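Asker: The following block contains a protein sequence and its predicted model.
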Amino acid sequence: MVNFLESFLRVAQHADGGYQPILPGLILLFPLVGFVINGLGAFLWRDSKRVPSLVGPLAIIGSFAVVLANFLAMHAAMPHDPAIVSLWTWMAVGDLSIGVDLQFDQLSVLMLLVVTGVSSVIHVYSIGYMREDPGYSRYFSYLNLFVFFMSVLVMGANFAIVFVGWEGVGLCSYLLIGFWYENREFASAGKKAFIVNRIGDFGFLVAMLLVFTHFGTLNFVEVFAAAPETLVFGGGVVTLITLLLFLGATGKSAQIPLYVWLPDAMAGPTPVSALIHAATMVTAGVYLVARAGVLFAMAPVSQATVAAIGAGTALFAATIAMQQYDIKKVLAYSTVSQLGYMFLAVGVGAFTAGMFHLITHAFFKALLFLGSGAVIHAMHHALHQVHRHDDPNDMRNYGGLKNVLPITWGTMWIGTVAIAGIFPFAGFFSKDEIIWSAGSYGYTVLWVVSILTALLTAGYMTRLMVLTFHGENRSGADVRPHLREVPAVMWVPLAILAVLSVVGGWIQIPESLPALPAVDALHHWLEPVMEPARQVMTEHGLHQAHESPLGGGEAVWAIMSTGLALIVVMLTFRALVHRRYRPASESETPTGFAGILYNKWYVDELYDRLIILPLLALWRGCWRIVDVGLIDGTLNAMASGTRMVGWVGSLFQTGRVAGYMFWFVTGVVLILALLLL
C-alpha cells in the first residue's frame, strides 16, 4: 500500500536525469474527490449551495495548480523521452498486460493545461449560472467527473487507458446534455449523443485489437517506436488501423457524418456546452490523431481522408451556421467547423498547427459560449419577471443588448474577432498557420476551402453579434427594464478568457511577419513528440514545401487573410445593423436556399428516413414476429398445454367415491379386455 501511494504521488526520477513528475496522482484525485463529495451532497445537503460552490471549482483549480507545476518543471528540463507513472497492473491475460499507466510528455502536459485551466474558469462561472437550479450539487458532481475522465484520456500511456477516459467523457456528456431529464427533448438529445458516439467507439475498439495483434502491446511508447519497422509505409494494416482510429475521432469530435449529435447537445446547461466544445470531449479526437501521429504519417491515404473530411466539415458546418437563430446552435456549428480546421491541419501533417488551433479555440470558444450563457441568463431572468415564455435562446428576441450587457458585449466582440482570424487576436495566428500549411504543402483545393470557411466564419459571427447586441431591441417594453448585466462571478471568467483570446496566439509568431519578433515556443515545445512523425513524412517526401497557390510569402497571405476577414466583418455589420428584424413569434420560417441552410441541409431528416425509420420498422417487426410471435407464442402455448393437462386431470380428481369406483372398474374391464384379445 505504501509503495502504491508513493507511485501515485511521486515517481522515480526520469531516465535522462531531468524531468520528474510532481504529485501526478493529484491531477486525477482532486476532481474524483470533488465528484464524490458533490455526489453525496445531492442527497445529504440538497438545498445547500455552499459546499458544491467551494468543492466543485477548487477541485479543478487544484488539478490546474499541479499541472502548472509539472509544466514549469518540464519546461526547465525539456526531456526528450516521456515519463511514465505506473500505478498498478489492470489486467494480465496471456501476452496481454495492461497497466494503469500515466504518460507525461509535452503533448499531454499541454493538453492538461488547456483542460484544467479552461475548466477551472467554467466551474467558477457555473456558480452564478446554476445558482437557482435545484440540481446544483449534482451538476458540479457531473462536471468534476467530466474533467476527471478527460484527464484520464489525456494522461493515458496506452490505448486501453485512453479508451477508459474516452468512454468516460461519453458517459458524462450523456449525463450533462440530458441534465434536465424531466424535459423529454433534452433527455433525447443526451441519448442521441451517447448512441452516435458508440459508432465511433466501435472503430477505436477494433483499432486497439489490430494494434495488439501486430505489436503485442498497447503502450504508446513501444507501439510508436516499433511502427516504422513493423508496419509497411502506406500498407493495408496501418491504413486500416488509422482509419478506424479516425472513425473514433469522427464520432467524438463531431465530423461528417457523425457530427449530428453536437448541435443537439445544446440541450444541456450553457457552461456544459462551453466545457464540451472548448476544453474536453470534442477535442479528444484531434488529440488522438496528434498522439498517433507516427501511425498517420505512415498512412498517406488516411491522412488525405482526415484532411478532406476536416475541410468538408469546416465548410459544411459554416454554411449551416449562417442561417441559425438559436445563439447556442450558431456556436455549436461553429465548433464543428473549427474542429474541421484542426483535422485539416493534422491531415496534411501539420500536427503542431492543429494543436495550436485547439489551444486558441479553447479560449475564444469558451468565451463565446459563456458570453451567450450570460445573454441567456439575463433574458431568462427578465422574461421570468414578466411571466413571459419566449425562447431566451433565439437571437430574434434580442437586439440592442450592448447597453444593458456592456461587459458581455465587449468580451464577446473580442471572441468574435479572434475566431474570425483578425490580427492580433489568437485565432489569427493559429488559423493562418493552418491555411498556410495547406497551401505550402500543395493541397490547393483544401487551401481554397479553408479560406472560404474563414470568410464564412467572420460573416456568421458578425451576424450573431449584430442580432444580439446591436440594432433595435426586440425583447419588448415590459422585458427591457428587467435586463441586467450578469454578476461578477460570471463576468470575471469572461474577462479572463477575453485576455487569453487576445494573447493566446502569441506563443507562435511566424518570423516572416514584419515588425513582430519571431516566436517559435509551441513548435519547440512539441518537437520531441512530433519529431518521429515529421521524420517519417520527410523520408517519404510528404513534407516538401511548395509555393503558395497564388504566390507570395506567408507574411503576404497573413496580411491578406486578416484584411479579407476584416472586410467581411465590416460589410456584414453594415448590411445587418439597420435591418429590421421581428421577434421570433412574429417571424416567418426562411424559405429557398436560406430555408435549406436553416433546416441544416435536411441531414437529420435524411438520417431519419434512411436509418432511423428503417431500424424502427425492423425493431417493430422483430417485436411482433420474434418477441410476441415466437417467444411469447411458445411460452403461451406451453402454458395453455399445461392448463389443458391440469383440466383433464381435474376430471379424475372429483373427491367422490362412486366416481373413483366407476373409473376403477372401467380400468379393470379395459385391462381384461386387452388381455383376452
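Answerer: Looks like it came in fine.
Asker: For the residue nearest to the spatial centre of the chain, which non-adjacent residue is closest in space?
Answerer: Centroid check for the chain by Cα atoms, centre = their mean gives Val282 as the closest residue, at 2.1 Å. Nearest non-adjacent residue to Val282, counting by Cβ to Cβ, 6 or more residues apart in numbering: Ser253, 5.1 Å away. Heads up, the C-betas are built off the backbone N, CA and C, glycines and all.
Asker: Would you agree the residue nearest to the centre of the chain falls within a helix?
Answerer: Yes. Counting by DSSP: H, G, I helix; E, B strand; the rest coil, one finds Val282 located in a helix.
Asker: For Leu339, report the pLDDT, please.
Answerer: At Leu339, the pLDDT value in this model is 95.
Asker: quick one: Phe103 is in a strand?
Answerer: Let me fix one detail, which is that residue 103 is Gln and not Phe. Yes. The assignment for Gln103 is a strand, going by three-state DSSP.
Asker: So what sits opposite it in the bridge?
Answerer: Judged by DSSP bridges, the bridge partners of Gln103 are Ile84.
Asker: Just to check, it is in contact with Ile84?
Answerer: Yes. Assessed by Cβ atoms under 8 Å, Gln103 is found in contact with Ile84 at 5.8 Å.
Asker: In terms of neighbours, single out the busier of those two.
Answerer: Gln103 (23 against 20; other Cβ atoms under 10 Å).
Asker: Pull up the per-residue confidence for that one.
Answerer: pLDDT, Gln103: 95.
Asker: Give me the distance between it and Phe71.
Answerer: 15 Å (Cβ to Cβ, to the nearest Å).
Asker: Show me whatever sits in contact with both of Gln103 and Ile84.
Answerer: Here Gln103 and Ile84 share the contacting residues Ala157, Val221, scored by Cβ atoms under 8 Å, 6 or more residues apart in numbering.
Asker: So what does Pro510 have for phi and psi?
Answerer: With angles defined as degrees, to the nearest 10, Pro510 sits at phi -60, psi 140.
Asker: how many neighbours does it have?
Answerer: The local packing of Pro510 (other Cβ under 10 Å) involves 17 other residues.
Asker: Identify the spatial nearest neighbour of Ser273, chain neighbours not counted.
Answerer: Phe369 (5.2 Å).
Asker: hang on, the earlier thing: wait, isn't the residue nearest to the centre of the chain in contact with Thr250?
Answerer: No. The pair Val282 / Thr250 is not scored as a contact, 11.2 Å apart, by Cβ under 8 Å.
Asker: Tell me which stretches of the stretch 1-150 of the chain form strands.
Answerer: 83-93, 96-104 (DSSP state E, counting those that start in this stretch).
Asker: now the last one, how far from the chain's geometric center?
Answerer: Looking back up the chat, that one is strand 96-104. Its chain's C-alpha centre and that of strand 96-104 lie 24 Å apart, by Cα atoms, centre = their mean, to the nearest Å.
Asker: cool, the longest one as well?
Answerer: Distance of strand 83-93 from its chain centroid, counting by Cα atoms, centre = their mean, is 27 Å.
Asker: tell me the mean pLDDT over it?
Answerer: Mean predicted confidence for strand 83-93 is 89.
Asker: Can you give me the buried ones in it?
Answerer: Judged by neighbour count (16 or more other Cβ atoms under 10 Å), strand 83-93 contains these buried residues: Ala83, Ile84, Val85, Leu87.
Asker: before we move on, what about the shortest one?
Answerer: In terms of neighbour count (16+ other Cβ under 10 Å), strand 96-104 has its buried residues at Ile98, Gly99, Val100, Asp101, Leu102, Gln103, Phe104.
Asker: possible to save those as TSV with distance to Arg624?
Answerer: Listed next are the buried residues of strand 96-104 as TSV, based on distance: Cβ to Cβ, whole Å:
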residue	distance to Arg624
Ile98	44
Gly99	49
Val100	47
Asp101	50
Leu102	51
Gln103	52
Phe104	56
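Asker: Max pairwise distance over those: which two?
Answerer: Ile98 and Phe104 (18.6 Å; Cβ to Cβ).
Asker: Now do the host helix or strand of Ile671: everything it contacts.
Answerer: Following DSSP states H and E, one finds Ile671 within helix 657-676. Outside of helix 657-676, the residues within contact range by Cβ under 8 Å, 6+ apart are Phe652, Thr654.
Asker: mind exporting it as CSV, just the C-alpha atoms?
Answerer: In CSV, the C-alpha atoms belonging to helix 657-676 read as follows (Å, rounded to 0.1, in the frame of the first residue of the first chain):
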residue,chain,number,x,y,z
VAL,A,657,-66.0,-42.4,-4.0
ALA,A,658,-68.6,-43.5,-6.5
GLY,A,659,-66.7,-41.8,-9.3
TYR,A,660,-63.5,-43.4,-8.3
MET,A,661,-65.1,-46.8,-8.2
PHE,A,662,-66.6,-46.2,-11.7
TRP,A,663,-63.2,-45.4,-13.2
PHE,A,664,-61.5,-48.3,-11.2
VAL,A,665,-64.0,-50.8,-12.6
THR,A,666,-63.8,-49.3,-16.1
GLY,A,667,-60.0,-49.7,-15.9
VAL,A,668,-60.1,-53.3,-14.8
VAL,A,669,-62.6,-54.1,-17.6
LEU,A,670,-60.3,-52.5,-20.2
ILE,A,671,-57.3,-54.3,-18.9
LEU,A,672,-59.1,-57.7,-19.0
ALA,A,673,-60.4,-56.9,-22.5
LEU,A,674,-56.9,-56.3,-23.7
LEU,A,675,-55.6,-59.5,-22.1
LEU,A,676,-58.3,-61.6,-23.7
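Asker: returning to what we had before: tell me the secondary structure at the residue nearest to Ser273.
Answerer: Three-state call for Phe369 (three-state DSSP): helix.
Asker: all strands of the protein, in order?
Answerer: Using DSSP state E, the strands of the chain run over 83-93, 96-104, 508-509, 519-520.
Asker: quick one, which of those strands is nearest to Gly56?
Answerer: strand 96-104 (23.7 Å).
Asker: Who are the packing partners of the closest one?
Answerer: Other helices and strands packing on strand 96-104, by 3 or more Cβ pairs under 8 Å, 6 or more residues apart in numbering; DSSP states H and E, are strand 83-93, helix 136-155, helix 159-177.
Asker: relative to helix 136-155, how tilted is the shortest one?
Answerer: It refers to strand 83-93. Using axes from the mean of the first three to the mean of the last three Cα atoms, to 10 degrees, the inter-axis angle of strand 83-93 relative to helix 136-155 is 90 degrees.
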